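In: I would like the atomic coordinates for the input below:
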Amino acid sequence: FVVAIFICQGMIFTIIGQKYAAAQPVFMLLMFDSVKTLIMETTTYGIAIKKRTSWNLWISFAATVINIGLCFILIPQYGIIGAGYGIFVSALVQLIVSSIVATKFYNMIKDLKKTIISLTLIATVCILNTFIFQSLVYTAITTSLLLIAFVFMYRKDLIYIYKLVKQLGLKNQKKLMKFV
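Out: Now for the predicted structure:
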């Protein structure tokens, strides 16, 4: 998901027009908030299971305070990029704190090491985009390294999916699509 958005952001900004071109350096920083929400759907399930949803309120409130504070500090000096970093840092804090709290109630994280590495890679790409968004070469190198890292980390899962697809065969595409 992140890789596809990272690769296609130039096309996205071509479609939406030059009017929004100033937002491209912070695009991935802002997209991290959506990625955070997607990840939190899984990692924070323990809060809902134990019916401790007030934790979500307090963690969201703290993230909002962090965002406002960082924006207050960073926007005068860095403008839109400062705002992007404020949103990025508050989203990252919210994801980490919510996941830690939820894990205390019910652990939904199968492999903590892979989760941390994946999150670090995604966050790094979002930060790097601020500097390399205009360079096709650097974007291609970053994308290639990111894909290699993810394929290496999740190779067992990819092999499992490949074997499953091979086992089901092309005749059972409808069954496969229901499974996925």
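In: so what's the nearest residue to residue 97 once chain neighbours are set aside up against?
Out: Once flanking residues are discounted, residue 97 sits nearest to residue 59: 5.3 Å by Cβ to Cβ, 6 or more residues apart in numbering. From N, CA and C alone the C-beta is placed, and that goes for glycine too. Counting by Cβ atoms under 8 Å, 6 or more residues apart in numbering, residue 59 makes contact with 94, 97-98, 101.
In: let's see 10 Å
Out: Applying Cβ atoms under 10 Å, 6 or more residues apart in numbering, we find residue 59 in contact with 40, 44, 47, 93-102.
In: Just the buried residues from the residues you listed, in PyMOL please.
Out: Applied in PyMOL, the following selects the buried portion of the contacts of residue 59 according to 16 or more other Cβ atoms under 10 Å:
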select buried, resi 40+44+47+93+94+95+97+98+99+101+102
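In: Could you measure from the residue nearest to residue 97 over to residue 106?
Out: For residue 59, the distance to residue 106 equals 16 Å [Cβ to Cβ, to the nearest Å].
In: now swap in residue 122 and tell me
Out: On the measure of Cβ to Cβ, residue 122 and residue 106 end up 24 Å apart.
In: Tell me which of the two has more neighbours.
Out: Comparing residue 122 with residue 106 by other Cβ atoms under 10 Å, the one with more neighbours is residue 122, at 23 against 13.
In: The more buried one touches residue 146, doesn't it?
Out: Yes. Counting by Cβ atoms under 10 Å, residue 122 does reach residue 146; the two are 8.4 Å apart.
In: how about low-confidence regions in the chain?
Out: 1-3, 5-8, 133, 169-180 (pLDDT under 70).
In: what about the helices in this structure?
Out: 2-16, 27-43, 45-49, 54-78, 80-105, 112-132, 136-153, 155-168, 173-179 (DSSP state H).
In: hang on, residue 154 packs against residue 110?
Out: No. Residue 154 lies out of contact with residue 110 (Cβ under 10 Å); the separation is 11.5 Å.
In: which two from the contacts of residue 59 end up farthest apart in space?
Out: Taking every pair in the contacts of residue 59 and measuring Cβ to Cβ, the maximum separation is 16.0 Å, between 47 and 93.
In: hmm, back to that, more neighbours: which of residue 154 and residue 110?
Out: Shown here are residue 154 and residue 110; by other Cβ under 10 Å, residue 154 has more neighbours (15 against 8).
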